[in-house]
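Student: What shape does this take:
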Amino acid sequence: SGHEAILPVPRSVVHTHASPRSAVNFLIHAAAIDGSAVGPRRNLTMPGVAVTVGEQIEALERIAGAKAVNLIREEPDDTIWAIVKGWPTRFEARRSRELGFA
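Tutor: Now for the predicted structure:
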């Protein structure tokens, strides 16, 4: 929307995410699923796509153009990097897929 965005981590950081449509479908499916199939362990990792921040920026440029990408200011932040570098980068979503989340 024309506002600058700060990128505090390297472009090489891998981020796993789902599209907004997939996230909504996950919620709809979760509302309809039989709780006994899930069992007592209620936390699930949803399926997603793992890409680097750089790949996300490249996709943004393809869709929104260079003007949007030029609003990204790379400004390393050691505090944020100390947190993010410990995050998992790839997730196994076998259990959620077995329960019908796709």
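Student: Roughly how far does the residue lying farthest from the centre of the chain sit from residue 95?
Tutor: The centre of the chain is farthest from one residue, residue 36, which by Cα atoms, centre = their mean lies 28.2 Å away. Distance, residue 36 to residue 95, by Cβ to Cβ, to the nearest Å: 15 Å. Placement of C-beta: from N, CA and C, glycine included.
Student: Find the nearest non-adjacent residue to residue 26, please.
Tutor: residue 46 (5.2 Å; Cβ to Cβ, 6 or more residues apart in numbering).
Student: What's the local residue count around that neighbour?
Tutor: 20 (other Cβ atoms under 10 Å).
Student: so the most centrally placed residue in the chain bridges to which residues?
Tutor: With distances taken as Cα atoms, centre = their mean, the residue of the chain nearest its centroid is residue 17 (2.2 Å). Beta-bridge pairing for residue 17 (DSSP bridges): residue 49.
Student: What score does the residue nearest to residue 26 have for pLDDT?
Tutor: pLDDT, residue 46: 95.
Student: Over to the one 3 residues further on?
Tutor: At residue 49, the pLDDT value in this model is 94.
Student: ok, it to residue 77 distance?
Tutor: Counting by Cβ to Cβ, the gap from residue 49 to residue 77 is 25 Å.
Student: and what of residue 48?
Tutor: On the measure of Cβ to Cβ, residue 48 and residue 77 end up 25 Å apart.
Student: Repeat that for residue 88.
Tutor: Residue 88 is 20 Å from residue 77, by Cβ to Cβ.
Student: Looking at these two, which one has more neighbours?
Tutor: Set side by side, residue 88 and residue 77 show more neighbours around residue 77, with 13 against 10, by other Cβ under 10 Å.
Student: Contact partners for the more buried one?
Tutor: 6, 8, 9 (Cβ atoms under 8 Å, 6 or more residues apart in numbering).
Student: Kind regards, and thank you for your time.
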